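Novice: okay, sequence plus prediction incoming.
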Amino acid sequence: MVIDGLVLSPILVIIFASSGVFGIISGAGDRDTAGLGAALFAIGILAGLVVYLAGNWMYHTMMESSRHQATLGKMALGIKVTDLNGNRISFSRANGRFFGKWLSSAIMNIGYLMAAFTEKKQALHDILASCLVVLK
């Protein structure tokens with residue numbers, strides 16, 4: 001998770017920093033343009049969040065459905081994502097797994113905790129997408 005977070009964090013930092021700089025520059029010293037500076041800053045923050053969420057979604061979905069079957073973090077741990085038969089998952093199944101993580105998180109992370117109690121060690125999002133996380 002930390003390794004995967006490091007992949008997209010630089011993009012987020014650049015967008016947030018640039019939105020702050022543009023906001024400060026456009027609103028510096030003039031009351032008439034202060035509102036514009038605040039608006040540019042807010043737009044930059046919103047754009048940063050959208051880019052981060054879209055990038056995070058594409059990164060996880062594309063990597064887990066690729067021939068690697070894993071994100072860089074999973075590769076470092078020597079694990080991969082498969083379907084229930086051990087085959088590579090499709091892009092659509094990887095999408096289901098990704099968005100299923102939102103549900104796993106929304107219920108106070110109980111969806112992740114389920115892996116400790118299921119026979120195949122599946123979290124809720126793995127069950128919903130019919131996936132397994134296995135050692136390579």
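Specialist: Nice, I can see it.

Novice: Ile79 contacts Val133, doesn't it?
Specialist: Yes. Between Ile79 and Val133 a contact is recorded at 5.5 Å, counting by C-beta atoms under 8 Å. The way it works is simple: take the backbone N, C-alpha and C, and place the C-beta from them, glycine included.

Novice: more neighbours: which of the two?
Specialist: Comparing Ile79 with Val133 by other C-beta atoms under 10 Å, the one with more neighbours is Val133, at 20 against 17.

Novice: make sure that one is indeed in a helix.
Specialist: No. Under DSSP: H, G, I helix; E, B strand; the rest coil, Val133 falls outside any helix and is assigned strand.

Novice: check contacts around it.
Specialist: The neighbours of Val133, taking C-beta atoms under 8 Å, 6 or more residues apart in numbering as the test, are Lys74, Ile79, Lys80, Val81, Thr82, Lys121, Gln122, Asp126.

Novice: could you check the angle strand 131-135 makes with the biggest helix by length in the chain?
Specialist: Secondary structure assigned by DSSP state H gives helix 31-64 as the longest helix of the chain. Using axes from the mean of the first three to the mean of the last three C-alpha atoms, to 10 degrees, the inter-axis angle of helix 31-64 relative to strand 131-135 is 70 degrees.
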